[in-house]
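1. Sequence and predicted structure, then a few things I'm wondering about:
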Amino acid sequence: AQSVAQPEDQVNVAEGNPLTVKCTYSVSGNPYLFWYVQYPNRGLQFLLKYITGDNLVKGSYGFEAEFNKSQTSFHLKKPSALVSDSALYFCARNRDDKIIFGKGTRLHILP
Amino acid sequence: NAGVTQTPKFRVLKTGQSMTLLCAQDMNHEYMYWYRQDPGMGLRLIHYSVGEGTTAKGEVPDGYNVSRLKKQNFLLGLESAAPSQTSVYFCASTQQGNSPLHFGNGTRLTVT
């Protein structure tokens, strides 16, 4: 079973609107879940993580994510999108000592 | 503090040639990973290491070998390059499994 799934290849959002980038994970052990962002021609940068505790996790650049155990989801959210948020976003989780990534979602913020 | 450094940044190989990609980290991290990134495929784990002298297979290990002789370095080798290995390769490191990964800036490899 796929460790993490990002069902949307691309998401378009108007600047100033709330954004959501979806991620679901496979039910296996206690997951450590992560979100990373990749800007053009760059490596990946860490945004936030869920290890345990509060289901709402706050991260860098105003992003947050909600861990939902019943829906096995860890969606990335931001209340008000900026054009500079346009990038490629990856969800990831641990599997034993491995860190497995989803296929990525390209976020376009329209001015 | 350089973080994670990958060399080279770009390389063009002919089919059948060999090469080694070097990843160096100066954060004293235990865990190191090699990924490849292809359009529409996300990042796929090639090999990883949980400490000096250890290596393990990831999701797509075929055609690659790795070594971790020193804690700070993780080498990825291609013994006989194939066009299917054309990709962008990323190295990452972390201290433990629940900590964020630190990524290098990538190596763009083209095999003709």
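-> Noted; the coordinates are in hand.

2. Spit out the contact partners of residue B:43.
-> A:44, A:90, A:101, A:104, B:35, B:36, B:37, B:90 (C-beta atoms under 8 Å, 6 or more residues apart in numbering or on different chains). C-beta here means a position set from N, CA and C on the backbone, and glycine is covered the same way.

3. Now it: which helix or strand?
-> Element membership for residue B:43 (DSSP states H and E) is strand B:42-49.

4. what does chain A put close to chain B?
-> Contact residues (C-beta under 8 Å from any C-beta of the partner chain) of chain A with chain B: A:6, A:9, A:32, A:34, A:36, A:42-46, A:49, A:51, A:90, A:92, A:94, A:97-104.

5. Which strands border the strand holding residue B:43, and is each parallel or antiparallel?
-> Strand B:42-49 has the following sheet partners, assigned by DSSP bridges: strand B:31-38 (antiparallel), strand B:56-57 (antiparallel).

6. Including mean pLDDT, could those strands go into TSV?
-> TSV is the format used below for the strands paired with strand B:42-49 (pLDDT from 0 to 100):
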stretch	mean pLDDT
strand B:31-38	97
strand B:56-57	97
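
7. that older thread, what distance separates the strand holding residue B:43 from the middle of the whole chain?
-> Taking the mean of its C-alpha atoms, strand B:42-49 sits 7 Å from the chain's own mean (C-alpha atoms, centre = their mean, to the nearest Å).

8. What's the mean pLDDT across that strand?
-> Average pLDDT, strand B:42-49: 96.

9. Over to stretch A:67-76?
-> 94.

10. and it, how far from the chain's centre?
-> 11 Å.

11. mind listing what's buried in it?
-> Neighbour counts over stretch A:67-76 (16 or more other C-beta atoms under 10 Å in any protein chain shown) mark A:67, A:73, A:74, A:75, A:76 as buried.

12. For these, give me JSON lines that also has distance to residue A:60 and secondary structure.
-> Formatted as JSON lines, the buried residues of stretch A:67-76 follow (distance: C-beta to C-beta, whole Å; DSSP: H, G, I helix; E, B strand; the rest coil):
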{"residue": "A:67", "distance to residue A:60": "17", "secondary structure": "strand"}
{"residue": "A:73", "distance to residue A:60": "21", "secondary structure": "strand"}
{"residue": "A:74", "distance to residue A:60": "16", "secondary structure": "strand"}
{"residue": "A:75", "distance to residue A:60": "17", "secondary structure": "strand"}
{"residue": "A:76", "distance to residue A:60": "11", "secondary structure": "strand"}
